[in-house]
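Chemist: Requesting a structural model of the entry that follows:
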Amino acid sequence: MKVNGSLWMMVWALGASIGLLGPLAVSAKAETPAYKVFGKVESLESLMKEEQDRFYRLEKEKFQLVDAMAKDAYLRAYWEKKGKEKGMSADKARERYMADNVKVSDKEFKETYEKYKDHPKLKELPKKEQEEQIRAFLRSKGESEVTQAILDEGIKNKDLVVVYPRPEDPVYKLEVTKNDVVRFGPEVTDTRPKGCTGDDCPITIIEYSEFQCPFCSRVIPTSKRLLSEYEGQIRWIVRDFPLNFHALAHGAAVAAKCAAFQGHYWDMYHVLFDNQQNLKKEDIAKYAQGIEDRYKSKPAGERFSKVEFDKCLANSKEADKIIEENMRTGQAAGVTGTPAFFINGRRLSGALPYDEFKAVINEVKGKKS
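Modeler: Reported below is the predicted structural model:
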């Protein structure tokens, strides 16, 4: 098979950048030397442990490149085969096949036109040109779907087999620390172990989150449902991970930490997420006053002091230090945005549905039990 030389150079360069062209898993029999400093050898294996996420992303990129090349090669061979069968060129065979199998119905066109006619890139164009662009978009979409169906059939029939190994998702080792806020059930008061304590919980979820992130708030109903369903088997930890393009996120994170120092992180957590559009200092002061009022009649050890909270905000060094450490551990595990979740070290990113969380939880729970 003839392959474009620049593509092969890309594969070689990616492999060379980590010192090998094989899969991420390395034989335990012998370590691979990576470099020497004053005669001391550093192994590739130790570097891979130190920068686990970066090596994984390199290996994933290599796999994706090989996978794309394989699909391109299969489609070329597929259309050449179809062309020979019909006595025409591969390009002509593809063109005819698409003409026969990609149809844009009037209903689909009208629905799509109504949906996109006011799009900034379309609304200034003459109506005829708008219609042409909508039809071209729908034809392209249809061709992509037909092409994917051809690839799926090739994979199913084993006419297309990618032999290069797909890298496994890494399992990240994140240590739970005394500064972590832990929840064992769906209520804000469920901060004491229920059925499991600490490391003997079958499931540990570490969430990296921030209070201006709209996607983070969408996961709260899912987290409460999981904490209820798996109560006695799960501990849920949130680490504040304020993103620098959200101007009020860091201040909100400090407020949550200052509440945590009095044992009321989850009260502040929920009120901040319930009021994501109102996170200025004066807003946070009102929320703190509300927490103080709510717990005023509770025993002394359960109350909340706004005076102490205000002192913490005024001198936030301790809170800042914990937030910085949370950021560091998240970045080391490949967190670049929020929300990000680690279920017994398995990373999930984004506001995923309940079923995806449950599938991973049941898988890792089965491995631990």
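
Chemist: alpha carbons only for contacts and neighbour counts from here, please
Modeler: OK.

Chemist: residue ranges of the strands in the stretch 51-200 of the chain, please?
Modeler: 181-183 (DSSP state E, counting those that start in this stretch).

Chemist: which residues of it fall in helices?
Modeler: Taking DSSP state H, counting those that start in this stretch, the helices of the stretch 51-200 of the chain run over residues 52-86, 90-101, 106-116, 127-156.

Chemist: quick one, domains of the chain?
Modeler: What automatic domain parsing lists as the domains of the chain is 5-156, 183-368.

Chemist: Kindly compare burial across these and name the winner.
Modeler: Across the domains of the chain, averaging neighbours per residue (mean count of other Cα atoms under 10 Å) puts domain 183-368 on top, at a mean of 18.

Chemist: how far out from the middle of the chain is it?
Modeler: When C-alpha coordinates are averaged (Cα atoms, centre = their mean, to the nearest Å), domain 183-368 and its chain have centres 18 Å apart.

Chemist: What average pLDDT does that domain get?
Modeler: The average pLDDT within domain 183-368 is 93.

Chemist: Next, give phi and psi for the residue of the chain most remote from its centre.
Modeler: Ranked by distance from the centre of the chain (Cα atoms, centre = their mean), the top residue is Gly87, with 48.3 Å. Main-chain dihedrals, Gly87, degrees, to the nearest 10: phi 70, psi 40.

Chemist: quick one: it from Arg192, how far?
Modeler: Gly87 sits 75 Å away from Arg192, going by Cα to Cα, to the nearest Å.

Chemist: sorry, back to before: quick one: closest of the domains of the chain to Tyr172.
Modeler: Among the domains of the chain, the nearest to Tyr172 by Cα to Cα is domain 183-368 (4.5 Å).

Chemist: rewinding a little: using JSON lines, lay out the domains of the chain together with distance to Tyr164.
Modeler: Shown next, in JSON lines, are the domains of the chain (distance: least, Cα to Cα, whole Å):
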{"stretch": "domain 5-156", "distance to Tyr164": "7"}
{"stretch": "domain 183-368", "distance to Tyr164": "23"}
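
Chemist: between those domains, which one is nearest to Val176?
Modeler: domain 183-368 (8.5 Å).

Chemist: quick revisit: tell me which of the helices of the stretch 51-200 of the chain sits nearest to His250.
Modeler: With Cα to Cα as the measure, helix 52-86 is the member of these nearest His250 (25.3 Å).

Chemist: what's stretch 316-323 in contact with?
Modeler: Contacts of stretch 316-323 with the rest of the structure, by Cα atoms under 8 Å, 6 or more residues apart in numbering, involve 179, 239-241, 253-254, 257-258.

Chemist: Could you work out the most separated pair of these?
Modeler: Top of the distance list for the contacts of stretch 316-323 (Cα to Cα): Phe241 and Cys258, 15.3 Å.

Chemist: What's the separation between Gly87 and Trp236?
Modeler: Distance from Gly87 to Trp236, by Cα to Cα: 64 Å.

Chemist: now do Ile150
Modeler: 44 Å.

Chemist: cool, and Asp274?
Modeler: 19 Å.

Chemist: Ok, Phe215 next?
Modeler: 18 Å.

Chemist: Compute the first-to-last residue distance for stretch 254-274.
Modeler: Terminal-residue distance, stretch 254-274 (Cα to Cα): 17 Å.

Chemist: Please read the previous query as pertaining to stretch 206-220.
Modeler: OK, stretch 206-220 end separation, Cα to Cα: 14 Å.

Chemist: likewise stretch 42-60?
Modeler: 24 Å.

Chemist: Average pLDDT for it, rounded please.
Modeler: 88.

Chemist: now stretch 101-108
Modeler: On average, stretch 101-108 scores 94.

Chemist: again, but for stretch 69-81
Modeler: Mean pLDDT, stretch 69-81: 97.

Chemist: before we move on, the earlier item: including distance to Met268, could the helices of the stretch 51-200 of the chain go into JSON lines?
Modeler: Below are those laid out as JSON lines (distance: least, Cα to Cα, whole Å):
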{"stretch": "helix 52-86", "distance to Met268": "32"}
{"stretch": "helix 90-101", "distance to Met268": "57"}
{"stretch": "helix 106-116", "distance to Met268": "41"}
{"stretch": "helix 127-156", "distance to Met268": "46"}
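
Chemist: Any idea which of those helices gets closest to Tyr35?
Modeler: Sorting the helices of the stretch 51-200 of the chain by Cα to Cα, the top spot, which is the nearest, belongs to helix 52-86 at 16.2 Å.

Chemist: Quick check: which helices or strands does the closest one pack against?
Modeler: helix 5-18, helix 90-101, helix 127-156 (3 or more Cα pairs under 8 Å, 6 or more residues apart in numbering; DSSP states H and E).

Chemist: Including distance to Cys312, could those helices go into JSON lines?
Modeler: Listed next are the helices and strands packed on helix 52-86 as JSON lines, based on distance: least, Cα to Cα, whole Å:
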{"stretch": "helix 5-18", "distance to Cys312": "46"}
{"stretch": "helix 90-101", "distance to Cys312": "66"}
{"stretch": "helix 127-156", "distance to Cys312": "55"}
